[in-house]
Every structure is written in structure tokens, then in C-alpha cells.
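# sequence and predicted structure below; questions after.
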Amino acid sequence: MTRGEFATLIEEEGKAVYSFCFQLTGNRDEADDLYQETMLKAMECHIRIDARLGSPKSFLMGIAAKTWKCHKKKYARRQRIAPEESMEEMSVPREIPDAGISPEEAYLSRELCRIVRAETAALKEKYRIPVCLFYTAGLSVEEISRSLHIPKGTVKSRLHTARTIIGRKLEEHGYER
């Protein structure tokens, strides 16, 4: 892939990659750092990106996921050696734009989104990453499989497990499946 093609790829898929980074980290500062590091790593190996072999978007998402996992491992190791005193709070989820619905419907919709986001964030990372890639980034099961280097069946299983967990949590909050 040439530099021009890479620049076009970033213009087309940059927002989706950033959104995925935000889903993983939960706050804007960490998402900015993860996005920048992902793009730097992608720039270093942009020659290996070949649109004919697979989705360049899934390649970028794979870099972001691997980078996030490395950061999590480093953070956990540092916490074992020298724990921090306080943790930074997660940022408040974004609001849903009003689409001409009643205030009650808007409130219920925002509340449902808040619960789903909170429950998604509470999932184990092995479930959360495929869910974010599937629903936020819009990748197919095959693209997720390639970007995370796991079998398609594993991706399907993790998506099913995550949906089941979130569905149960929604039932606990009074929502029907």
C-alpha cells in the first residue's frame, strides 16, 4: 500500500478506529493515545497492508486491539509492583441525538443505552473486544477473526456469550429480551 492509499484509508476509517479505541479505553485521553499509537504502528507497516488479502479496516482494528492488550498487561504489571492511589473515572457516555421522539421515549432510550454501555464495559476483555469490533466498528465475524488471530467459531461463541450476559443484565433491570 502506498502512502497516498494509506492516507485515504485513514480518512475513510479513522473515525471508526477512534470510536473503537474509545470503546476500549472508556475515556477520551486514553483513546487519543491508543489511536495515535495505532496509527504510528500502522504507518510503520503500511507496506504490508494489502486490500486484496483482507479488509484494511480489520488490520487497523487488530493493531488497536493488540496495542490495548499490551497496555493492559503493562498496567497490571506496574500495579503489582507499585499500585496507584486512585483510578481515573470513566467519562460519561455520549447522548443519543433527539429524533423527534417524546421526552419519555428519549429518556428511556438514553437509559437503555447507558445500561448497555455499562454492561458492555463490565464484560471480560475477551468478550468486550469482539463486541466492540462487531457493533462499533462494523466488522464481520471473519474480519474480527483475522484481526484478533482467533478462529471464526471462537468469535461467534464470544459474541453469543456477550449477548447472553448483556441480555440477562437487561432482564435484571426490567427490560425484556
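Looks like it came in fine.
# what separates the helix or strand harbouring residue 57 from the chain centre, distance-wise?
Assigned by DSSP states H and E, residue 57 belongs to helix 56-81. With C-alpha atoms, centre = their mean, to the nearest Å as the basis, helix 56-81 stands 12 Å off its chain's centre.
# so what are the domain limits for this structure?
Here the domain assignment for the chain is 1-84, 99-177, based on automatic domain parsing.
# packing partners of the lowest-mean-pLDDT helix or strand in the chain?
Every helix and strand of the chain was ranked by mean pLDDT, DSSP states H and E. The lowest is helix 56-81, at a mean of 83. Contacts defined by 3 or more C-beta pairs under 8 Å, 6 or more residues apart in numbering; DSSP states H and E place helix 56-81 against helix 3-25, helix 28-44, helix 125-131, helix 141-148. C-betas here are computed from N, CA, C, even on glycine.
# beyond it, next helix or strand please.
Helix 56-81 is succeeded, C-terminally, by helix 103-122 (DSSP H and E).
# leaving out the residues flanking it, which one is nearest to residue 57?
residue 13 (4.7 Å; C-beta to C-beta, 6 or more residues apart in numbering).
# distance of that neighbour from residue 159?
Distance, residue 13 to residue 159, by C-beta to C-beta, to the nearest Å: 21 Å.
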